[in-house]
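Undergrad: A predicted structure for the sequence below; I have some questions about it.
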There are 2 protein chains.
Amino acid sequence: MSERSLPPPTLERLPVYVRVLDELARQGETTTSSSRVAELAGVAPAQVRKDLSRLGTYGTRGVGYDVVDLAAHVRRALHLSDAHRVVVVGAGHLGQAVARYGGLRARGFEVVALTDVDPEVVGTVVGGVRVRHEDELADVVRSTAATMAVLAVPSDAAQPSLDALAAAGVRSVLSFVPGQLVVPDGVALRIVDVAAELQILSFYAASPPRTAP
Amino acid sequence: MSERSLPPPTLERLPVYVRVLDELARQGETTTSSSRVAELAGVAPAQVRKDLSRLGTYGTRGVGYDVVDLAAHVRRALHLSDAHRVVVVGAGHLGQAVARYGGLRARGFEVVALTDVDPEVVGTVVGGVRVRHEDELADVVRSTAATMAVLAVPSDAAQPSLDALAAAGVRSVLSFVPGQLVVPDGVALRIVDVAAELQILSFYAASPPRTAP
């Protein structure tokens, strides 16, 4: 199966493998096994082997995988070798938190721009980046060469902002806004709904102890 | 199948149904169909019917579902009829953004406490709540009757903070900290890893247009 047609569940495990392999490399490990990766990733060993074979990587019998090579291979599959420049649309509390989050840069993403519509916020500097007006989004995307966006606007602004991002040529959008959006052609959208995550956990808060999915 | 053993994929769709049904109620709709809910939720109609039947709810043939009754039923299944009091551990940018996020209260969650270890932050007021020292977590949980927590601490503090929450009796934890944690017995943990979400989207940013999972 080519990388272009990775099944979504495999795709969603790849960032976990990258994190685990980087951690092993930091600890000075040079080779590793699918069982070890599986243990650290919280995934079944057979699943790890299947996922990695989908990327065309196979360990050497009796030796296992080269940690650095394997990390590089998984990164390539995720196109993380490309530098990803991110524009954050909405400079409220959440947008500002994302812009200031050091964990993004460490994992290959640079917030190159923030936009907002509030005149009190436009022109201020957040995480080293000056906030621009959302009306200038097309220019902001062009001048920064941003390819990805984080959407952190109020609910009623989400669809127009998403459409503006698509018109500006942004292909991948992570949205923190709950609710159904019409996804423009050619755009990949993922939604993180913090309240929905808490609602799912609410089920467990009131049930007998168990492990969350 | 009893509510206590809902399959995780069904469980994860229930907050979407709640949001859709609330929206229909706001629009003045009194009855609805599984097809309409499916359309608004972005889920197959047969899946909606299967999920709802797992909760023991069945529409009336030719009439459909009562919107308000069905919303209440799904809420009960998620134990959202209980008031959920949330403690946010870590009052950095992200913790503060969560504490100030109006969308939580609107969907049944009240942030009743924040903790941090930074003496500059302890004692300040965020979103109407005074930040307490994390050393006082047990007392904070007891005095506020918090049952859920949001973990927004640096990576190296995540495990001790999770253990402290468990010791204080918190049963459900939403963590924004990437990395594998040892989940204490009786605790349900869900992880939102913002950088991993962007890494998954990275695959699409560099691939031909398609729809993200």
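TA: Structure received. Numbering: from 1, shown residues only, chains lettered A, B, ... in the order given.

Undergrad: So for the host helix or strand of A:R49, what gets flagged as buried?
TA: When elements are assigned from DSSP states H and E, A:R49 belongs to helix A:45-54. For helix A:45-54, a neighbour-count test (16 or more other Cβ atoms under 10 Å in any protein chain shown) marks A:48-49, A:51-52, A:54 as buried. The way it works is simple: take the backbone N, C-alpha and C, and place the C-beta from them, glycine included.

Undergrad: do the same with stretch A:191-203
TA: Buried-residue list, stretch A:191-203, by 16+ other Cβ under 10 Å: A:191-203.

Undergrad: Flag the shaky bits of chain A, pLDDT-wise.
TA: A:1-4, A:82, A:206-213 (pLDDT under 70).

Undergrad: 80 - rerun?
TA: Chain A contains residues with pLDDT under 80 at A:1-5, A:58-59, A:61-62, A:81-83, A:205-213.

Undergrad: would you list every one of the helices in chain A?
TA: Using DSSP state H, the helices found in chain A span residues A:8-26, A:34-41, A:45-54, A:67-77, A:93-99, A:102-106, A:137-144, A:155-167, A:194-205.

Undergrad: And chain A, what are its domain boundaries?
TA: A:3-77, A:84-196 (automatic domain parsing).

Undergrad: Pick the most deeply packed of the ones you listed.
TA: The highest mean neighbour count among the domains of chain A, using mean count of other Cβ atoms under 10 Å in any protein chain shown, belongs to domain A:84-196: a mean of 19.

Undergrad: That domain near chain B anywhere?
TA: Yes. Domain A:84-196 lies within reach of chain B by Cβ under 8 Å from any Cβ of the partner chain, at A:84, A:86, A:92-94, A:96-98, A:100-101, A:103-104, A:106-109, A:147-148, A:150, A:171-174, A:178-180, A:183, A:185-190, A:192-196.

Undergrad: The closest residue to A:R100 other than its chain neighbours: what's it in contact with?
TA: Distances taken as Cβ to Cβ, 6 or more residues apart in numbering or on different chains place A:G127 nearest to A:R100, at 4.2 Å, with adjacent residues excluded. Applying Cβ atoms under 8 Å, 6 or more residues apart in numbering or on different chains to A:G127 gives the contacts A:96, A:99-100, A:111, A:114.

Undergrad: Out of those residues, flag the one nearest to chain B.
TA: Nearest to chain B, judged by Cβ to the nearest Cβ, of these is A:R100 at 4.8 Å.

Undergrad: My read is that the closest one contacts B:Q96, right?
TA: No. Assessed by Cβ atoms under 8 Å, A:R100 is found out of contact with B:Q96, at 10.6 Å.

Undergrad: What residues are recorded as beta-bridge partners of the residue nearest the centre of chain A?
TA: The residue lying closest to the centre of chain A (Cα atoms, centre = their mean) is A:L174, at 7.3 Å. Going by DSSP bridges, A:L174 is paired in beta bridges with A:V150, A:R190.

Undergrad: Assess the claim that it and A:A152 are in contact.
TA: No. Contact criterion Cβ under 8 Å: A:L174 and A:A152 do not qualify, at 9.2 Å.

Undergrad: show me the contacts for A:S35.
TA: By Cβ under 8 Å, 6+ apart, the contact list for A:S35 reads A:45, A:48.

Undergrad: Sorry, wrong one. I was asking about A:T124.
TA: Here A:T124 is in contact with A:91, A:130-131 (Cβ under 8 Å, 6+ apart).

Undergrad: cutoff 6 Å now
TA: If you count contacts by Cβ atoms under 6 Å, 6 or more residues apart in numbering or on different chains, A:T124 has them with A:V131.

Undergrad: gap between it and A:G95?
TA: 12 Å (Cβ to Cβ, to the nearest Å).

Undergrad: what do you get for A:A71?
TA: 30 Å.

Undergrad: With A:H79 instead?
TA: In terms of Cβ to Cβ, A:H79 sits 24 Å off from A:G95.

Undergrad: Parallel or antiparallel, which strands does the longest strand seen in chain A pair with?
TA: Secondary structure assigned by DSSP state E gives strand A:109-116 as the longest strand of chain A. In the sheet, strand A:109-116 lines up against strand A:84-89 (parallel), strand A:129-133 (parallel) (DSSP bridges).

Undergrad: picking up where we left off before, would you list the helices of chain A in JSON lines and tack on distance to B:R13?
TA: Output for the helices of chain A, formatted as JSON lines (distance: least, Cβ to Cβ, whole Å):
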{"stretch": "helix A:8-26", "distance to B:R13": "16"}
{"stretch": "helix A:34-41", "distance to B:R13": "25"}
{"stretch": "helix A:45-54", "distance to B:R13": "23"}
{"stretch": "helix A:67-77", "distance to B:R13": "29"}
{"stretch": "helix A:93-99", "distance to B:R13": "24"}
{"stretch": "helix A:102-106", "distance to B:R13": "29"}
{"stretch": "helix A:137-144", "distance to B:R13": "33"}
{"stretch": "helix A:155-167", "distance to B:R13": "20"}
{"stretch": "helix A:194-205", "distance to B:R13": "10"}
